[in-house]
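Asks: Quick one: sequence plus predicted model below, questions after.
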Amino acid sequence: MSKDSQMRAAINQKLIEMGERERLKELLRAKLVECGWKDQLKAQCKDVIKEKGLEHVTVEDLVTEVTPKGRALVPDSVKKELLQRIRAFLAQHATL
Amino acid sequence: MKLIYVSANERPYTDGCGILTGSIHPEDNNKLVAVTTMSPAGCPHVNGFKVDNWKQNLRVIYQCFVWSGSAETRKRKAKSCICHMCGAHLNRLHSCLYCVFFACFAKKHIHEHAKSKRHNLAIDLLYGGIYCFMCQDYIYDKDMEQIAKEEQRKAWKMQGEKYSTWEPTKRELELLRHNPKRRRITSNCTIGLRGLINLGNTCFMNCIVQALTHTPLLRDFFLSDRHKCEMQSNSCLVCEMSQLFQEFYSGHRSPHIPFRLLHLVWTHARHLAGYEQQDAHEFLIAALDVLHRHCKDDNGKKANNPNHCNCIIDQIFTGGLQSDVTCQVCHGVSTTIDPFWDISLDLPGSSTPFWPLSPGGDGSALNGESHTTGATTLTDCLRRFTRPEHLGSSAKIKCSGCHSYQESTKQLTMKKLPIVACFHLKRFEHSAKLRRKITTYVSFPLELDMTPFMASSKESRMNGQYQQTVDPFNNDNKYSLFAVVNHQGTLESGHYTTFIRQHKDQWFKCDDAIITKASIKDVLDSEGYLLFYHKQFLEYE
């Protein structure tokens, strides 16, 4: 594993251990609902389901088709805020 | 027949990977839907798994690796949840249900394991969904879903209450089946709009009723039938309000005749009885007061203490006003906090001097107001309201620090903001000599940020942080205009009307029985007497 992914894994571990990951998930969920992202994605999913047909669509279909659009639609302000929170968390637990 | 509203945004999804169960209707997001529970699609391949102590094993997996509630399980999850093939922790990690093996889904590592070991079930460690490699999709076995839900709730409880999507109870399902009539709310529907007949100078009451029936939280409270009446007689004003909401949202377009409401108001607020024109602001306060008194805490507790009531009126309308009196000698501060339902603002042109304030000070830029036209703004009035005021040598206060009467300054700030903030522009002057109406135009914004007027902002200013950098992520103090009550005419003979906001950007003018569409410009150009603002973002407590 590269140094980068080692660091990533270590940060992830710390976030889970301290329960911060759950808190960040909650925060993210709230922000994404607030800014309408959830509704946009719901609409995307409905389109995919209509396209593939309800009887045949799988979760994989949804994930493959909707993930790139979902990622692109996240507002910069939300990304910024999460980054800020993660930085603040790391600054606090500087033993990493 | 009572109408019960269910928002389409609260449909019961199974907590799987976000896939919808049940049929999809090509509808727009706001449709109110009939709620049915569909039996989740299980698959026959789980039978191989459902042997011996499978339930307990499954629970352990959920507790340890999916929804880890305790610190201990979290530590274990952090350390062990990596792919056994490539070591990554991203890529949609799954755990085999038949053996201890974690692997990426995205890189197909778990698929390889499933094939070689013929272990055909795996669980998604992020969302808890069960994947069947034979069916090649996530499956929703009723028993397993039940366990998943219970474990999730347990973990959440350990971390404090978290958001969970609404699922109807048995009773609610029954109610919905017995009341099959549904109403479609589109962006141009007029539900909730209804005129009110004037019963003889009762526009002062009608204008307030329009504002209240369009207060979102109040509407939700009454339409979801949350008032449980404990009054013996028929004179409960809250019950009458509940009836009123049913009338307004019934879909009837003919104007409603609020004679029962008027009668109840006369009974409980005698100073408003009679057929002469009353002050709409006085009516608002009297109505809130009676509603507050008639509401027991609808969560079951009785409102013993008038200062700590938890009724819907207090939850929505009550804020806290902080008053700081500073002794000019020892600089000791004596602080009191009083509850308020509205903020009454003095206007320039009244006999109380309106201190000239430098333009562009705290708050104006924030609320997008310009001073080029020289018009007074709502923010100006709020700044004046929250300025430190020297009480003068004739009004010395006894200072507990100095043990004597000293000159002091007094300052008001907002300690706690209500969910609905009502601003009362004091247009009616009733001093000893004059009785007149002040018609000075005051411009008010559609969106208002109350941050500069908060007690906490004042504290930062006092600590030397003069440049109040606005935190763009703090949404606590942002408000949106949703109703404006206007008074036309003179003190002796006048008429009240209300502008209310129906959907995001649609405004309507309510003039007794007549409802007409209004533009945002109409609203913002109006004189303004009572301004109703609603908090933009609500947090769960």
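Replies: Nice, thanks for sending it over.
Asks: drop to CA atoms for contacts and neighbour counts, all remaining ones
Replies: Noted.
Asks: Can I take it that B:R436 is in a strand?
Replies: Yes. With DSSP: H, G, I helix; E, B strand; the rest coil as the criterion, B:R436 is assigned to a strand.
Asks: for the residue lying closest to B:T439 once chain neighbours are set aside, what are its contacts?
Replies: Closest residue to B:T439 apart from its sequence neighbours, by CA to CA, 6 or more residues apart in numbering or on different chains: B:R427 at 6.8 Å. With contacts defined as CA atoms under 8 Å, 6 or more residues apart in numbering or on different chains, B:R427 is in contact with B:L347, B:K437, B:I438, B:T439, B:Y529.
Asks: Of those, which is the nearest to B:A518?
Replies: B:Y529 (17.5 Å; CA to CA).
Asks: The closest one reaches B:H495, doesn't it?
Replies: No. With the criterion set as CA atoms under 8 Å, B:Y529 and B:H495 do not qualify as a contacting pair; they are 11.8 Å apart.
Asks: quick one: low-confidence ranges for chain A?
Replies: Under the criterion pLDDT under 70, the flagged ranges of chain A are A:1, A:94-96.
Asks: Identify the residues contacting stretch B:516-527?
Replies: For stretch B:516-527, contacts defined as CA under 8 Å, 6+ apart pick out B:439-446, B:484, B:486-487, B:499, B:505-510.
Asks: same thing but at 10 Å, please
Replies: B:193, B:195, B:425, B:427, B:439-446, B:481, B:483-488, B:498-501, B:505-510 (CA atoms under 10 Å, 6 or more residues apart in numbering or on different chains).
Asks: likewise stretch B:325-337?
Replies: By CA under 10 Å, 6+ apart, the surrounding residues in contact with stretch B:325-337 are B:319-324, B:388-391, B:396-402, B:405-416.
Asks: Quick one: end-to-end distance for that stretch.
Replies: 12 Å (CA to CA, to the nearest Å).
Asks: okay, the residue nearest to B:C295 when sequence neighbours are not counted: pLDDT?
Replies: Ranked by CA to CA, 6+ apart and with sequence neighbours excluded, the top spatial neighbour of B:C295 is B:C311, at 6.0 Å. At B:C311, the predicted lDDT confidence score is 86.
Asks: Please report phi then psi for the nearest residue to B:R435 once chain neighbours are set aside.
Replies: On the basis of CA to CA, 6+ apart, the spatially nearest residue to B:R435 that is not a chain neighbour turns out to be B:E429, at 5.4 Å. B:E429 has phi and psi values of phi -100, psi 120 when expressed as degrees, to the nearest 10.
Asks: Repeat that for B:V442.
Replies: Taking degrees, to the nearest 10, you get phi -120, psi 120 for the backbone angles of B:V442.
Asks: pretty sure it contacts B:L382?
Replies: No. In this structure, B:V442 is not within contact of B:L382 by CA atoms under 10 Å, at 11.6 Å.
Asks: Let me know the helix or strand that the nearest residue to B:F259 once chain neighbours are set aside is in.
Replies: Computed as CA to CA, 6+ apart, the closest residue to B:F259 that is not its neighbour in sequence is B:L199, at 7.6 Å. Taking DSSP states H and E as the definition, B:L199 sits outside all helices and strands.
Asks: ok, now which ones touch B:L199?
Replies: Residues in contact with B:L199 (CA under 10 Å, 6+ apart) are B:M205, B:N206, B:I257, B:P258, B:F259, B:L262, B:Y275, B:D512.
Asks: Most neighbours among those, which one is it?
Replies: Neighbour counts for the contacts of B:L199 (other CA atoms under 10 Å in any protein chain shown) peak at B:M205, which has 28 neighbours.
Asks: Mind checking the pLDDT average for the helix or strand encompassing that one?
Replies: Here B:M205 is covered by helix B:203-213, with elements defined by DSSP H and E. Model confidence over helix B:203-213, given as mean pLDDT, is 94.
Asks: low-scoring stretches of the stretch 1-150 of chain B, by residue?
Replies: By pLDDT under 70, the low-scoring segments of the stretch 1-150 of chain B are B:1-41.
Asks: Nothing else from me, thank you.
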